[in-house]
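# Generate coordinates for the sequence data below:
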Amino acid sequence: MTVPLRRPVFIVDDSPVIRDRLAALISELPNVEVVGQADIAFEAIDSIRKLRPSVVVLDISMPGGSGMHVLETIKQDRPQPMVIMLTNFAHDHYRQKCLQLGADYFFDKSTEFERVTEVLRQLPPPAAAALEPLRPAA
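Residues are numbered from 1 along each chain as shown. From the prediction side, this is the model:
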C-alpha cells in the first residue's frame, strides 16, 4: 500500500494565533500538510530554502524584514514555490507590488482568510517527481 503524497506548505506570519488557525485549517485538507512556520523574515527565508515547500502562505508585516522581501527572495529560487500573500495590508498598492514581485495570490486577512484553503483544495494532488528535492549539480 502506498502512502498518498502530501503537498508541503510553509506559513509565515508574526501572529501565533494566525499561524495556528491556518495550520488547523490546512491540516483538514487532503494531500496538504504544514511542514514549517516562521515569524521572522530571515528565519522564513532560511527555512523555506531548506524545506522547499511547494506553497508558502506569507504575511507582509513581520519583525526582521518584510514579507515582500521574503517574496522577492524566494521567487528567485528554483523551483519557485507558489506564494499566497495573506495580510491586513490589503491596500491596492501592496497588492500590485506583491503581484509584481511574483505572488500568485493576494488575500485580505479580515475578509478573505478562507480563500487560502479554497486555493489549496483546488490544487491537483502533488506528483512524486515534483516533491523530490533537487540534487546539486556535480
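# Nearest residue to residue 117 in space, please, no chain neighbours.
residue 25 (5.1 Å; Cβ to Cβ, 6 or more residues apart in numbering). Where you see a C-beta, it was placed from the backbone N, CA and C, and this is true even at glycine.
# Tell me the helices and strands packed up against the helix or strand where the one you found lies.
Assigned by DSSP states H and E, residue 25 falls within helix 16-27. Applying 3 or more Cβ pairs under 8 Å, 6 or more residues apart in numbering; DSSP states H and E, we find helix 16-27 packed against strand 7-12, strand 32-38, helix 115-122.
# what's near enough to touch residue 37?
Residue 37 sits next to 10-13, 19, 23 when contact means Cβ atoms under 8 Å, 6 or more residues apart in numbering.
# re earlier: how about TSV for the helices and strands packed on helix 16-27, with mean pLDDT added?
Shown next, in TSV, are these (pLDDT from 0 to 100):
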stretch	mean pLDDT
strand 7-12	96
strand 32-38	95
helix 115-122	94
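# before we move on, the earlier item: among the contacts of residue 37, who's most crowded?
Of all the contacts of residue 37, residue 12 has the most neighbours under the rule other Cβ atoms under 10 Å, reaching 29 neighbours.
# was I right about that one contacting residue 70?
Yes. Applying Cβ atoms under 8 Å, one finds residue 12 in contact with residue 70, separated by 6.3 Å.
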